[in-house]
Every structure is written in structure tokens, then in C-alpha cells.
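J.: below are the sequence and a predicted model for it; my questions follow.
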Amino acid sequence: MKKKGVGMSCVLHPTGNKGAGDPSQAAIQLKPDGTFALLVGAVDIGQGSNTILRQFAADALGVPIEKILVSNFADDFAPLCLGSFASRVTLIDPHAVVNAVEDLKRRIREWVANEWEANPEDIEFDGETVYLRGDRERRSMTMDQIAAGANFGGGYNPGFLVGTGAWQPAKFHAHDPETGEMPAVGAISFGCCIAEVEVDTETGVVDVTRLVQVWEVGKAVNPLLVRAQINGGLHIGMGYALTESSYPYWPTEDYAPEKLGDYFMPTFLDYPPELIYGIEEVPHPAGVQGAKGFSEGSSNGPPPAIIAAIHDAIGVWIDTYPATPEVILKALEAKKASE
Amino acid sequence: MTQYVGQAMPRYDGIGQVTGTTKYVDDIVLPGMLYAKCLRSPVHKGIIRHLDLSAAERTPGVVGVLTAQDVPGQNIYGASGDQPVFNPDHIRYKGERIAAVVAVDEDTCMEALEKVKLEIEEQEPVFDMFEAMKPGAPIVRPGTTHNLHEYMPGMTTRVIKLGDVEQGFAEADLIIEGRYQTTQQDHAPIEPHVSVAYLDPANRLVIHTVSQCLYFHLSQLVRVFGLPMSQIRYIGGTIGGGFGGKNDIHADHVAGLAALKFRKPVKYRETRREDLRYSGKRGVFVMEYKTGVKKDGRLVANHIKEYHDTGAYGGFSAYATEKCGMFASGPYWIPNILVEAKTIYTNKVVSISMRGFAIINGQSTMEIQMGKIAEALGMDPWELRFINAWRDGDMGASRYIVRGAGALEAMKKAAELAGVQLPAHLMAMSSRRR
């Protein structure tokens, strides 16, 4: 018999290393033609860090995004990023990028002020135009002109216009040995998941028929990528909940997987036919434009929501992940025996 | 002026990936490139008594072999600094690397590996972390007397406490207990672990890596190679899926050592079988909860006993055990929390980071606990969460202050999208105030 159930969960995911002390750096260079090279250390593991860091740089510079090239560790001179883990990049690296852009603007101000024999504090930016406050008619240069002038010299003073930046949420704070106190936390994101399942009481197979997942992400820097992360994390969450184990018949390892086909990850065919995602934004005080990381969290919510839905369907709580057909059938047998 | 943050934009590097033009590390093929394969321990625990690689080395097409003696720096890597690149003596898990064969192709490597004479005095392993904690259990780490990680010398339990959990239980109307076990999960990215290394014209070691965290790994590799950072060009940034599995070094040390010794380009890659069986996995946690709650649904105490199986080496596991404990009470204000967390060594593959690292274990179990509490109270599961959800200024287990709280907002939106009608008194709640 197929029994239906629904369950929900509310979970969190922290951004960044516990105890903080996890910096990232960025550098940005004005190329001779007025385009920009943004160097970051973050590894794009598919989450789209190159894409969003470029967005942050374009906003901070006020130039069209097409003018910015992103490179992550393609050469020797490279900024450090502690790594693409702990959902830390969206909180930390944008600060490094914005700081690098501010540093570059400072250098541009100095270079231009030197040309005009003016005070750097009187130099203003308007997108790709740089001008002297109060004398925009006579004292104005485009970014292209500055780029060519500084890089190629000629009638101008030579300059290497590069800005650098670094940021971390806080200095590292170790656990207090007595209380475990560790107050430094970068940011925390929040998720809610609602799962509907069908449990086949003869085979023990659980089908997830509908799944709704919402994440509160601070600021959805790129809603397309947020959606990809919410629905992508579900994949690992569903496997964790229902099928995946490296030792399926623990304690013997005889049946440990040898090829991908032996390892029971969900496929797209296992995805809930009805899959709904949602984004909520509570701007985080520590984030650039309110942004914080959340992506890993999208794996956290589905497992307990699925377990709650199984409970709703068949009246037993499964306490051991994954809830394989074997686990479900044994739980049903135990329930029957106790009745 | 265009505002880009907030815009749905396609991925910067997406076109290359969907059209198959992105070059991944395994796409690199260099003239005269050699290949490496590793000799792995066939037993879970034991002492290497004899290793004879001479027949393997004489195999036509084999250029040479690598053992612990070929490591110019320290034969140590890993986040805890305790893993040998090539194990010279005490085997701790099945599949641990003992040596490598370097040859003109992988088939020749495999042929040579079959000719290796290896004698290991097998010892009784321990796999279950609760067995490993018993007196007299087999010792995973030679030279130690027990299988527990020490957070500080002599400290085998990390305690995190807020308020007074006993007083909290005294105030509780109901106490719910639960014991949960999480799963050992494989990262299974499309791209298995791979590395290509060679010496550039200036004699610098160049490594093309699939690392998720370049500087973390570079810091470990300079110790292995005995080289300054300026002598290594570590090129990464494009990887075919990681999910946390590439926060540990799996291939760069072997490829780099081979390139240094044989002064030729070397590719080292794991097969899917090697990756599934012997690379690090998401570690198993057992979480024991005792939660006190008032009749009106307010959580007043949470006592968590946490056990994390780190496998044969330390990795990031102790960090993860602590981080799990910090957040395992979920997004809820609970004035009295006591976490007692242990990290335990067993003769299994190393537990490493994986998406949701350290956090999924606590969230996925505490939420089952919340379901049981709602059931015991006869309360709607939404209402239980709404009552207890963090508001700005609340405090978590390790005394961090919650800022930018958003659990209530996420729940309201999810209920709306799912067509769940929440009562007005819940919809009126906000994370900005209690």
C-alpha cells in the first residue's frame, strides 16, 4: 500500500569558519584599454563565485560588467582565498573585492590629481568618467584615457594602477576550554523545507512527490544561481535522507560501491515531480549589500523534512540515516510487533 | 548606472562548460607525460614487514617507483598534519597509500603493481566508534593509549555550555530523548581526483590541481616537497565538482613527487573505484539529545552528546565536531545548552568535509527531535518552531549573538509557497523582536 505524508523542517547554515580568522584577498588592475582584470583566489567549484564577484566589482566601480575580466588563480601573482568551503565566499570575498576597488580608485585619484596638480580628495568618479570637483568642464578624463595614459605613459606620467583588498569577519577566537565559548560567527542563513512523500509499505521505497524549500540568504546576489544552489543542494540532501551510504550493509564492506552505478545517488528521475523554491532576504549587517553565504545549507533541510513526512505517512520515526527500503521495512515490522 | 548585484545573470564561465570547451585538469596531455598509480594497503590495520618493488621497477615501461624515502621534505600532509603521503610502517586503513609506480601509461603501472611483494603483519582493526572507546580496544594511532582526539592535552571531550542545563530540565514540563545516526556519504563529483605536475623551464614545479582551497593545500605541499612557495606554481580554479571532497589533497602530492624525481610531466588520477573506496567521506555522527520543553512549547534545555567518527586520521574532524556542537540546537533560542562532543579514531577511511560539513549532522537530527517534541506536546510543528526561532540578539550555544535572523521569514515564505495556512498569531511574528 502507498501511504502519503507531509513533513517540515527549519534549519540554519553558518557562513565562514567557526571562530572566524578566515580571510580572502582580491586585486584589480586597470588594463591599458580601460577594461579591468579582477583577480580573486576563490575557486569556482560550480557555485558561480567568478560570476558574483564580477557583479560586486561592477557595482563598486560603476562600470558595465562586460568591462571586467575575472581570473581566479591563473598565474603566480594571485590573491589568497582560504578556500571555497564553509559557504564563506559570498560573505567574505565581496568585501575583499570592494576594498580592492576602493584602493584602485584611490590610486586613480592620486594619478589624476598629479596630472592636474590638484588635490586627490577633489577627484570624483561618475561611472567611467573621472573629473575635478567644481571644474568638470575643463578637468575630466574617461577611464580609457586614464588607462592609456598611465599604462603607456607618453604625454602622461607612468603608473601601475592596481588596487588590493582583504577582509575577514573577525580575528580568530579559540574556544574557551571551560565553557566552549566562541562568540565569533560570520553570519547565519536560514532555511525551511516542506516535503511530501509516498511510502510503499510493501517495498519500503520512499518517493518524494513534492518539495518546497526556501532560504533566507541576506541578499540574493544572483537569483539564478541561488535557485541552482537551493535545488542542487536538495540532491545531496535527498541522497543523505534516503539512499546514500558508503557502507550499505555495515559492518561488512563487501558491498561497498566500486563504480558510480553501485552508489545510490538520486538522479533527476528521483527529483520531486513538484519542486518549488523560494528566496527570502533579510540583509545581513556584516555583508556587502547584505549578502551572506547559504549554499551548503540547502542540503541540511530536506533530510529531516523527509523523515518527518515518512513519520506522517507510516507513524514511525526513522532515527538512522539513510532511510533505505530495508530500514523502512524493519521499522514497519517493529511497529507491527509492538502493536 | 546599472546595479548588477541582485540581477539574475548566467554564469561567467557557463558557456565553456555546457559546450565542452572548458579544459579540466584531466584534459591536460603533455608530450612525454608519465602516469602514476599507487600501491594501497590490502588490510585495514597492520605493520609493513617487507616491501620489495624491484620486480615492479623492472617491468618494461616503468620509469621508477616512489616510497616514503623519496619524499624530499616531510612525509606528512592533511589538515591535522598526521597523514603520510606513503605509509612506511603502521597501516591504519584499507587502501592507504604505500608506494607509487610511475610508467609510460596506466596499464603498465597496474601490471607493475601486481609484481610488488608486500608483507603486512595484520592486526585487529576497530571500525565502530563506540567499540573504539572501550578499554582494551585496538589502538588506531601507534604510540597513543586511546582512540579519542585530544582537543587540548588530556581533554577528550569538547564542552560547550550556555546557562545551566540541569536547572533547565528542572523547569521543563516534558523531556524528550533521542539517539540518531547520520550517514557516511561520498562526494561523487563527476571529476575524480587528478593532478598533473611538471618542471617548467626555470626548473620550478608546476602543478595543475583540482583543489577547492589552493593556499591551504599549497601550505601542505611545500612541506612535502621541501620547497619554498616561490618554487611551486600551483594552478587551479577550474574543477569538475568538489562538494567538499577537494578540500583535502588526494593527488597533488603524488604527481608532484613523481615529477620532481623523474623530471618529466606526470599525471596521477584516481579511478572511480579508488575514489569511492579509499578517498575521504562524510564522517558519521551519532547524536544523543535530551531536550526539555515547557507545556507552552518553549525550549528550556538541550543536552547533546555528540560522537564523530574521524576514521584513521584527524583531517578537519575535530573542527567539525566542535562546529556541529555550536549549531546542533538548531535556529532556536534555548537558554540552557550543554554539548559534550568527542572525535573518535577508527580504522576507516578519513572523514573529510562535505557539503553541509559539520552542520547537516546536527540540523538533520535536531529537527527529528523537534518533530518528536511537537508530537509529544500535541502541538503543530510550525508553531513549535515559530515560538522558539531565533530573534535578533538571541544567543547560540557558544555565546555568539544572532544578527540578521531570518528563520521566521523563511518559514512564512515556505508556508505561503506550499499553500500552508498559518494562523495570524504566527504570521505576526518577526525575527526583529520577540
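T.: That came in fine, so what should we check first?

J.: residues near the residue nearest to B:Leu51 when sequence neighbours are not counted, how many?
T.: If you skip the residues right next to it in sequence, B:Leu51 has B:Leu118 as its closest partner in space, 5.6 Å away by CB to CB, 6 or more residues apart in numbering or on different chains. Bear in mind the C-beta positions are built from the backbone N, C-alpha and C, glycine included. The number of residues packed near B:Leu118 is 18, by other CB atoms under 10 Å in any protein chain shown.

J.: need the contact list for B:Leu118.
T.: By CB atoms under 8 Å, 6 or more residues apart in numbering or on different chains, the contact list for B:Leu118 reads B:Leu39, B:Pro42, B:Ile48, B:His50, B:Leu51, B:Asp52, B:Ile98.

J.: and the helix or strand that contains the last one, which residues are buried?
T.: In this assignment (DSSP states H and E), B:Ile98 forms part of strand B:97-103. Under the neighbour-count criterion of 16 or more other CB atoms under 10 Å in any protein chain shown, strand B:97-103 has B:Arg97, B:Ile98, B:Ala99, B:Ala100, B:Val101, B:Val102, B:Ala103 buried.

J.: can you put these in JSON lines and add distance to B:Glu367 and pLDDT?
T.: Shown next, in JSON lines, are the buried residues of strand B:97-103 (distance: CB to CB, whole Å; pLDDT from 0 to 100):
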{"residue": "B:Arg97", "distance to B:Glu367": "39", "pLDDT": "98"}
{"residue": "B:Ile98", "distance to B:Glu367": "43", "pLDDT": "98"}
{"residue": "B:Ala99", "distance to B:Glu367": "46", "pLDDT": "98"}
{"residue": "B:Ala100", "distance to B:Glu367": "45", "pLDDT": "98"}
{"residue": "B:Val101", "distance to B:Glu367": "48", "pLDDT": "98"}
{"residue": "B:Val102", "distance to B:Glu367": "49", "pLDDT": "98"}
{"residue": "B:Ala103", "distance to B:Glu367": "51", "pLDDT": "98"}
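
J.: now, among those residues, which is nearest to B:Asp275?
T.: Nearest to B:Asp275, judged by CB to CB, of the buried residues of strand B:97-103 is B:Arg97 at 13.5 Å.

J.: residues in contact with the closest one?
T.: B:Cys38, B:Leu39, B:Arg40, B:Pro84, B:Val85, B:Phe86, B:Asn87, B:Val254 are the contacts of B:Arg97 under CB under 8 Å, 6+ apart.

J.: mind doing that once more with 6 Å?
T.: Neighbour list for B:Arg97: B:Cys38, B:Phe86 [criterion: CB atoms under 6 Å, 6 or more residues apart in numbering or on different chains].

J.: same check on A:Ala147?
T.: Contacts of A:Ala147 (CB under 6 Å, 6+ apart): A:Leu30, A:Pro32, A:Gly34.

J.: tell me, how many residues neighbour the first one?
T.: Here the number of neighbours of A:Leu30 (other CB under 10 Å) works out to 25.

J.: give me the nearest residue to it, chain neighbours excluded.
T.: A:Leu161 is the one closest to A:Leu30 (CB to CB, 6+ apart), at 4.2 Å.

J.: ok, now the second one?
T.: Closest residue in space to A:Pro32, ignoring its immediate chain neighbours: A:Asn151 at 3.9 Å, by CB to CB, 6+ apart.

J.: the one you found: what secondary structure?
T.: Secondary structure state of A:Asn151, per DSSP: H, G, I helix; E, B strand; the rest coil, is helix.

J.: count of neighbours near the closest residue to chain B within the stretch 51-200 of chain A?
T.: Taking CB to the nearest CB as the measure, the stretch 51-200 of chain A has A:Gly83 as its residue closest to chain B, at 2.4 Å. When neighbours are counted by other CB under 10 Å, A:Gly83 registers 26.

J.: quick revisit: could you turn the buried ones of the contacts of B:Leu118 into a ChimeraX selection?
T.: Selection of buried members from those for ChimeraX, criterion 16+ other CB under 10 Å:
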select /B:39,48,51,98
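
J.: now for the contacts of B:Leu118: which two are most distant?
T.: B:Pro42 and B:Asp52 (15.3 Å).

J.: do stretch B:320-328 and chain A meet at all?
T.: Yes - Stretch B:320-328 reaches chain A (CB under 6 Å from any CB of the partner chain) through B:Lys323.

J.: I'd like the distance from that stretch to the chain centre, please.
T.: 14 Å (CA atoms, centre = their mean, to the nearest Å).

J.: got the contact list for it?
T.: With CB under 6 Å, 6+ apart as the criterion, stretch B:320-328 contacts A:18, B:158, B:160, B:304, B:306, B:308, B:339, B:341, B:343, B:357-359, B:361-362, B:366, B:397-398.

J.: just to revisit the earlier point, what distance do you get for the residue nearest to B:Leu51 to chain A?
T.: To chain A, B:Leu118 is 20 Å away according to CB to the nearest CB, to the nearest Å.

J.: next up, the contacts around B:Leu218.
T.: Under the criterion of CB under 6 Å, 6+ apart, the contact list for B:Leu218 reads B:Tyr234.

J.: again, but for the one 4 residues further on
T.: Shown in contact with B:Val222 (CB under 6 Å, 6+ apart): B:Met229.

J.: element containing it?
T.: helix B:214-225.

J.: ok, back up a step: pLDDT wise, what is the residue nearest to the residue of the stretch 51-200 of chain A closest to chain B when sequence neighbours are not counted at?
T.: Spatially, and ignoring its direct neighbours in sequence, A:Gly83 is nearest to B:Cys213 (2.4 Å; CB to CB, 6+ apart). Per-residue confidence at B:Cys213 stands at 91 (pLDDT).
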